[in-house]
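Engineer: below is the structure, and that's it, no one-letter string:
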């Protein structure tokens, strides 16, 4: 009964023993628990699946029942049969234990990866794989011997069981003969039925045996093929081992060469570390110096802020003074315009006097004719003389009024000249203050340039030996050169402005000289006018005695009036030239303002360039961080490689004892490299500190540039205020033009009044009598206007 089960178990043991190869098929070593349970159930089910267990159990029950019936009365045979069955079961249990022990051995084998061609696995398991292959061969031989012994035991036990089956019926018959005839017939019937059943079962078992034999043959063929494949794989494996040994030898040589190179690199690294230590000390000193310079710069910056505040206060005061001076200038321009109007009025008065002289000449001719014609009109003439004396008295009063007006005009001129000199003094003070401020600013800029040059020299000394940071230094130097170029441009512009200011001063000096010349001419005109008035008084006193002298004096007065008119025309030409010069100066100032605006645009462009350079620096910092990350990753890979080297050295201790020293030296090198990396990290931190100090210095320079921009903004404000004042002056000129129109209208009215007076006084001596009243009216109006201008 147990033969098919044992045969199936043996077949599975052979198949498992032939398929077991820990080196070639390491994936078969990992057997899960479910597969183990299925294999054990397969053994106990006689090589059948789970669905075929029920008929097998029925067969076992029938066979056991039939086999037990003949042995009910034979105690000795029943005692022998269980012993044999126990032996068979012990053999079967021994085979099962063999298979289970084989599987437990497969558990003890370490799992390996399925990739046979992985060189790292072969290198790790070279020593153990050969020993395991030898142990596997011994195990296979033992399993084969145990399998052959089991087959012999089974073949010996099967006929013995058949013999027991054949020997049992006569014993039973003997005992049944003693027991009784009734039980014998019953037992014979049961024996016949059992023999039929056993024959049918025996035929089925033989068929199963044939099938199992065919499967065993196929499995043996497969085992042979697998053995051939294993032999080929062993050959290939040996060849690969030889190749790998040669490769290991080459790697050992390479490692020795690398050790020599690493030792040389270590020496160079030590030298570099020593040099870097010295550089660090130098940089620390420089950092201390830079900190001291930073404190000095902060102190200077605070002083500059205080100076800036003081300058702003002074500028505000100067702006207020400038506004006051501009107001004074507007008043002076109004006074000058009024004086021009007075001069025009004087010209009109001279024209009127000339007309009066002509009228007098006509009257003189008429008088001569009357004197020649008739002496009877002497009394009338005496009366006319009396009237003429009265008129002369009135003319004297008019002359006195004119003298008073001239005196007031001279006083006003003196006041205007004093005001003009005060304005020139204020202007000179402003120019000197602006020059002093420009000089101070230039000195501050020169000091800052010197400080920047010192900082650049220190930075060059600190960073000259760092090859990685040369790009940053070159960019910083370019930025410094650009800033120096901009500062030079600003200095040139300041020099141009100073030259333009000097030219403007020269123009002002020339204008002053012309004004002094004009004042001299005015004094001469006044003297001439006083002479004329004295002559007129003499003529009025000696009117009766020397009419002929009056004609001569009138000629002289005409000549002097012509001279005065010529001088006035020359003065007007000079004034026009001065106005043209002022217009040109205003145009030059406009050009200077445009140049300042262009400079502002250039400064904005430079700031944009600085921002682009900052962005480039940030991108370069990102690149540096990425490179640092890559260096860290490479360091990690180096550590992994060192760990792999350690594992290789642990596996190849017997073959490569010389590699132990190499590994130790490699460890020392790695430690020294870590030390160098830590030192480089400290250097990088110090580099960041230096960079931060540079950024702070850049911020200081930016603040200085902002101060310059504030000064430029103040200049632009002054220019805007100047434009506003020019607009005010234009408005005042328009008002003056309107006043001139009113003056002309009043003159026309005066002329109409004079004509009416001449019509009312037909005599020649009565013509000039109406003129002084118009003059008095004009003088009163002028006084009122001058008072209004002063109030304004």
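Structural biologist: Noted; the coordinates are in hand. From a predicted model like this one, the values you see are computed outputs, not experimental measurements.
Engineer: was I right to think residue 743 contacts residue 341?
Structural biologist: Yes: applying CB atoms under 8 Å, one finds residue 743 in contact with residue 341, separated by 6.2 Å. Where you see a C-beta, it was placed from the backbone N, CA and C, and this is true even at glycine.
Engineer: all helices of the stretch 251-400 of the chain, in order?
Structural biologist: 378-463 (DSSP state H, counting those that start in this stretch).
Engineer: got any ranges where it has weak pLDDT?
Structural biologist: By pLDDT under 70, the low-scoring segments of the stretch 251-400 of the chain are 357, 364, 367-368, 370-382, 384-385, 388-389, 392, 395-396.
Engineer: do a quick rundown of the strands in it.
Structural biologist: Ranges of strands in the stretch 251-400 of the chain, per DSSP state E, counting those that start in this stretch: none exist.
Engineer: how about the stretch 551-700 of the chain?
Structural biologist: Going by DSSP E, counting those that start in this stretch, the stretch 551-700 of the chain shows no strands.
Engineer: what's whichever strand or helix holds residue 210 packed up against?
Structural biologist: Taking DSSP states H and E as the definition, residue 210 sits inside helix 181-373. For helix 181-373, the elements it packs on are helix 3-19, helix 53-68, helix 119-124, helix 126-179, helix 378-463, helix 547-651, helix 658-760, helix 771-791, judged by 3 or more CB pairs under 8 Å, 6 or more residues apart in numbering; DSSP states H and E.
Engineer: gap between residue 664 and residue 697?
Structural biologist: For residue 664, the distance to residue 697 equals 49 Å [CB to CB, to the nearest Å].
Engineer: more neighbours, those two?
Structural biologist: Remark: of residue 664 and residue 697, residue 697 carries more neighbours, 18 against 10, as counted by other CB atoms under 10 Å.
Engineer: that one and residue 297 touch, don't they?
Structural biologist: Yes: with contact defined as CB under 8 Å, residue 697 reaches residue 297; the gap is 7.3 Å.
Engineer: what about residue 391, how many residues nearby?
Structural biologist: 19.
Engineer: actually residue 614, not the one I wrote
Structural biologist: Neighbour tally, residue 614, other CB under 10 Å: 13.
Engineer: gap between it and residue 475?
Structural biologist: When residue 614 is compared with residue 475 (using CB to CB), they lie 10 Å apart.
Engineer: again with residue 200
Structural biologist: Applying CB to CB, the value for residue 200 to residue 475 is 105 Å.
Engineer: more neighbours: which of these two?
Structural biologist: Using other CB under 10 Å as the criterion, residue 200 and residue 475 rank with residue 475 on top: 14 against 11.
Engineer: wait, that one touches residue 612, no?
Structural biologist: No: the criterion here is CB under 8 Å, and residue 475 misses it with residue 612 at 11.1 Å.
Engineer: anything in contact with each of those two?
Structural biologist: Common neighbours of residue 475 and residue 612, counting by CB atoms under 8 Å, 6 or more residues apart in numbering, are absent.
Engineer: the domain parsing of this protein - what is it?
Structural biologist: Taking automatic domain parsing as the domain assignment, the ranges for the chain are 3-179, 266-719.
Engineer: which one of these has the poorest average confidence?
Structural biologist: Mean pLDDT per stretch puts domain 3-179 lowest among those, at a mean of 44.
Engineer: per-residue pLDDT, residue 225?
Structural biologist: On pLDDT, residue 225 comes in at 86.
Engineer: ignore what I typed, I meant residue 242.
Structural biologist: Predicted confidence (pLDDT) for residue 242: 85.
Engineer: burial count for it?
Structural biologist: Residues near residue 242, counting by other CB under 10 Å: 10.
Engineer: again with residue 311
Structural biologist: 20.
Engineer: could you do residue 608 as well?
Structural biologist: If we define neighbours as other CB under 10 Å, then residue 608 has 10 of them.
Engineer: roughly how far apart are it and residue 489?
Structural biologist: 17 Å.
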